[in-house]
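Colleague: compute the structure for the input listed below.
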Amino acid sequence: PRCRRAVKSQAMFWIVVTLVFMNTCVQATEHHNQPEWLGNFQECTNFFFVVLFTFEMFFKMYALGIQFYFIPLFNRFDFFVVLSSILEMTLTMANVIPPLGMSVLRCIRLLRAFKVTRYWKSLQNLLRSLISSIEAIASL
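Modeller: Coordinates of the predicted model:
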């Protein structure tokens, strides 16, 4: 019960949102012809954030139970993001895929920022408008 309360708390939500924001800031620093020290820093922080988000996912699974963890769509999305991050990191470290800068798998993590829309109504309305506009354009 204590773990479940912690997982569902506002504090946990804002800690995760802060981590997502920090991860996004680090990813945004990646650019062409960047210095080697910056690439090393990004690699280390990427590993750090993947470990933290993996821990968060397992903590939620433990606190909520596997079946209840997968009920909310955002948890399913989070699961996909964490697994794709681990896959991208593993394939890069094993030299199966080259570290080509921002990979598609890494960009998926940026979508976690939309989790903030749950508490930010104006952003939620903007996102709804954006989605309906995209749907309207796609139907043309």
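Colleague: measure how buried the spatially closest residue to residue 97 that is not a sequence neighbour is and give me the count.
Modeller: Spatially, and ignoring its direct neighbours in sequence, residue 97 is nearest to residue 91 (4.6 Å; CB to CB, 6 or more residues apart in numbering). Where C-beta positions appear, they are placed from N, C-alpha and C, glycine not excepted. By the criterion of other CB atoms under 10 Å, residue 91 has 15 neighbours.
Colleague: now residue 91: how far from residue 57?
Modeller: 19 Å (CB to CB, to the nearest Å).
Colleague: rewinding a little: the residue nearest to residue 97 contacts residue 98, correct?
Modeller: No: using CB atoms under 8 Å, residue 91 is not in contact with residue 98; the gap is 9.6 Å.
Colleague: host element of residue 43?
Modeller: helix 36-64 (DSSP states H and E).
Colleague: may I see the buried residues of the following helix or strand past that helix?
Modeller: Following helix 36-64 in sequence order, the next helix or strand is helix 66-69 (DSSP H and E). Buried positions in helix 66-69, judged by neighbour count with 16 or more other CB atoms under 10 Å: residue 69.
Colleague: average pLDDT across helix 66-69?
Modeller: Here helix 66-69 scores 94 as its mean pLDDT.
Colleague: returning to that earlier point: what angle do helix 36-64 and whichever strand or helix holds the residue nearest to residue 97 make with each other?
Modeller: If you go by DSSP H and E, residue 91 is part of helix 73-93. For helix 73-93 against helix 36-64, the angle by axes from the mean of the first three to the mean of the last three CA atoms, to 10 degrees is 140 degrees.
Colleague: quick one: buried residues of helix 73-93?
Modeller: So for helix 73-93, counting by 16+ other CB under 10 Å, buried means 75, 78, 81-82, 84-85, 88-89, 92.
Colleague: helices or strands up against that helix?
Modeller: In terms of contacts (3 or more CB pairs under 8 Å, 6 or more residues apart in numbering; DSSP states H and E), helix 73-93 is packed against helix 36-64, helix 104-110.
Colleague: low pLDDT regions in this structure?
Modeller: The chain contains residues with pLDDT under 70 at 99-110, 113-120, 123-124.
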